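>>> Sequence plus the predicted model coming up.
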Amino acid sequence: MTNYPKLYLGIDNCFAIKRWVEPETWIPLLKEIGVNYAEASFDNEIDFLYSPQWYINDWFDRLTAAEKKYDFKVKSFYSGYQTYRTAGLAHPNPQMANNLVDNFFLPVLNKIKQRHCSIGFSVHTYPENVLQNPEKFYKVQKEVWDRYAKLVNYSKSHGNTPICVEQMYTPAQSPWTIKSNINFIRYVYALNKGPIYTTIDVGHVVGQRKHRFPAKSEIIDALAKQIKSNDLVIWLGGNETYQLWDELLYNNDTLEEKAKKIMISMAKYPYLFSNNTDDCNPYKWLEELACYSPLMHLQQTNGISAPHAPFSKENNEKGIINGKEFLEAIKKAYDKHEKQPLENMPPIVDEIYLNFELFFPSTEPSRVVIEQMKESVAFWREFIPKDGLTVDELLAKL
């Protein structure tokens, strides 16, 4: 019998940045909007990079008091733009990367270890010179993965806080494909049997389409088109391949011969490509990785951009994220695991928190922000009317 996960609806309080900046203000607001759980973004005035210890201690005391007062719970924390906008754990200076581990991550894990919550990050980006050198890329990638493994190992003996790494949509922020995410989770788990998980963001599938590994026929068509119009229309990956393309463009080789040489060059950089259309499909991500994603981020998207848009009637008419299809994909993931589990992976999760991660321009009036947050929650309450039900129970109600 398949053990399906319980689902909970929550909100990442990033929407409240610079508007509702204290637990005493955003917690009652989230209750009014219609949720009982939150993901606290470090961007909303609790960033460990620059906050002094006295402030951090005071903030957590106030958070606990507000949770008790409003019968509310922060179930996860997530890193913000301060760390997202850096090379982070892939910093070219290893001392800087290790400093981030010792003076940012470990203090965070120590502070939240007794809260029985999860933590999520997006804190590494591979610089261009690393991406353009396969040998260097794999070396740096191993160093990054080893640093995450160090965090997991530390967490095992300091509260056992589940750690998630958010799936992204560009080669510079690998793991960014389904396959690379599975490889990453496997690698970390194999080192010390400590699990690391992913955070599936349903909007983070837009860049993979731009970075597909083209078929030979597509390369031939693109060569012919550029010869006529000087318009390059496909992704080639490494700079070496682009240089080869320019050299081959007007030489005497046939288009077939040119395409073969281009494909050989592209094959040297497999990490710069998504390999099939599944990587561009949010429901395929769910079907393959929902079992390993205790935190998920919700946003409406048209599949072309990831604006972290609310689930308003207007956005839903153009968007590709549908509640019923979303739940069905999660159920498929657990059915698939029951029949044919992935090997050498950590334990599957039995609870999944679905957190709205919605962004609003600073010019948007606060009342409009609240209205669109309420509309988003109301839309999803059609599919998750009650928190804590399993995905099969929720589907049976539809």
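Sure, I can see it.
>>> what residues are up against the residue of the chain positioned farthest from its centre?
Relative to the mean C-alpha coordinate of the chain, counting by Cα atoms, centre = their mean, the farthest residue is residue 252 (45.5 Å). By Cβ atoms under 8 Å, 6 or more residues apart in numbering, no residues touch residue 252. Bear in mind the C-beta positions are built from the backbone N, C-alpha and C, glycine included.
>>> What is the three-state secondary structure of it?
Under the three-state scheme (DSSP: H, G, I helix; E, B strand; the rest coil), residue 252 adopts coil.
>>> Following the chain onward from the helix or strand bottoming out on mean pLDDT in the chain, which element is next?
Lowest by mean pLDDT, DSSP states H and E among the helices and strands of the chain is helix 81-84, with a mean of 88. For helix 81-84, the following helix or strand on the C-terminal side (DSSP states H and E) is helix 94-100.
>>> Against which helices or strands is the longest helix anywhere in the chain packed?
Longest helix in the chain by number of residues (criterion: DSSP state H): helix 134-156. On a contact count with 3 or more Cβ pairs under 8 Å, 6 or more residues apart in numbering; DSSP states H and E, helix 134-156 meets helix 94-100, helix 106-112, helix 128-131, strand 163-166, helix 178-192.
>>> among those, which is nearest residue 345?
The closest of the helices and strands packed on helix 134-156 to residue 345 is helix 178-192. By Cβ to Cβ, the value is 6.1 Å.
>>> Other residues contacting the closest one?
Contacts of helix 178-192 (Cβ under 8 Å, 6+ apart): 145-146, 148-149, 152-153, 156, 165, 167, 174-175, 194-198, 271, 275, 278-279, 284-285, 288-289, 292, 342, 344-346.
>>> Type out the PyMOL command that picks the buried ones from those residues.
Applying 16 or more other Cβ atoms under 10 Å to the contacts of helix 178-192 leaves a buried subset, and the PyMOL line that selects it is:
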select buried, resi 145+148+149+152+165+167+174+175+194+195+196+197+198+271+278+279+284+285+288+289+292+342+345+346
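>>> secondary structure class for the residue lying closest to residue 59 once chain neighbours are set aside?
Distances taken as Cβ to Cβ, 6 or more residues apart in numbering place residue 46 nearest to residue 59, at 5.3 Å, with adjacent residues excluded. Of the three states, residue 46 takes coil under three-state DSSP.
>>> Phi first, then psi, for residue 46.
phi -150, psi 40 (degrees, to the nearest 10).
>>> Out of the helices and strands packed on helix 134-156, which is closest to residue 1?
helix 178-192 (25.1 Å).
>>> residues of that closest one that come out buried?
Quick answer for helix 178-192 (16+ other Cβ under 10 Å): 178, 180, 181, 182, 184, 185, 187, 188, 189.
>>> Return the closest of those with respect to residue 267.
Distances from residue 267 to the buried residues of helix 178-192, taken by Cβ to Cβ, are shortest for residue 180, at 16.3 Å.
>>> per-residue confidence at the closest one?
You'll see residue 180 listed with a pLDDT of 97.
>>> try residue 256
Looking at residue 256, the pLDDT reads 96.
>>> What about it, how many residues nearby?
Using other Cβ atoms under 10 Å, residue 256 has 11 other residues around it.
>>> And the contacts of the helix or strand hosting it?
Using DSSP H and E, residue 256 maps to helix 255-266. Contact with helix 255-266 is made by 213, 216, 219-220, 223-224, 236-238, 240-241, 244-245, 248-249, 251, 253, 273, as judged by Cβ under 8 Å, 6+ apart.
>>> Can you list which of those are found in strands?
Using DSSP state E, the subset of those located in strands is empty.
>>> Pull out the buried members of the residues you listed.
Buried members of the contacts of helix 255-266, counted by 16+ other Cβ under 10 Å: 213, 219-220, 223, 236-238, 240-241, 244-245, 248, 273.
>>> Of the residues you listed, which belong to helices?
Using DSSP H, the buried ones among the contacts of helix 255-266 in helices are 219, 220, 223, 240, 241, 244, 245, 248.
>>> which one is the fourth one nearest to, not counting chain neighbours?
Excluding the flanking residues, the one nearest residue 240 by Cβ to Cβ, 6+ apart is residue 265, at 6.0 Å.
>>> any idea how far the residue farthest from the centre of the chain is from residue 261?
Residue 252 is 13 Å from residue 261, where distance means Cβ to Cβ, to the nearest Å.
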